[in-house]
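A.B. asks: with the sequence up front, the predicted model follows.
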Amino acid sequence: MSEQTNEDLIHALKIAFCYMPKAIEVNKYEYGDRYQTVLDQIQTVREVLLMNEVDPEEVYGEINPDSTPNSSY
């Protein structure tokens, strides 16, 4: 595999983040005893995005601009 740049890795992380459940959707009923682990993993990804100056709230719109509603502001 060719050497990945940090930009490539952040882009891949953004794509993966789009497919992760939202933290508000994670509960013990749906995820059983793993729910806290899932919440911790979501938080880890959010923190890495933030450390790389990426707003997690804007990632979906960046990755999927055609299926993102227009901003209201």
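C.D. replies: Good, I have the coordinates.
A.B. asks: C-alpha only now, for contacts and for neighbours.
C.D. replies: Fine.
A.B. asks: flag the shaky bits of the chain, pLDDT-wise.
C.D. replies: 1-2, 68-73 (pLDDT under 70).
A.B. asks: helices of that one, start to end?
C.D. replies: 6-19, 28-31, 35-51, 59-63 (DSSP state H).
A.B. asks: Val38 versus Glu58, what's the distance?
C.D. replies: Glu58 sits 21 Å away from Val38 when distances are taken as Cα to Cα, to the nearest Å.
A.B. asks: now swap in Glu62 and tell me
C.D. replies: Using Cα to Cα, Glu62 is found at 24 Å from Val38.
A.B. asks: neighbour count: those two, which is higher?
C.D. replies: For the pair Glu62 and Val38, the greater number of neighbours falls to Val38 (17 against 13), based on other Cα atoms under 10 Å.
A.B. asks: what distance do you get for the more buried one to Pro21?
C.D. replies: Between Val38 and Pro21 the computed distance is 9 Å (Cα to Cα).
A.B. asks: how about the residue nearest the centre of the chain, what does it touch?
C.D. replies: Closest residue to the average C-alpha location of the chain: Phe17 at 2.3 Å, with Cα atoms, centre = their mean. Contact analysis of Phe17 by Cα atoms under 8 Å, 6 or more residues apart in numbering lists Ile42, Val45, Val59.
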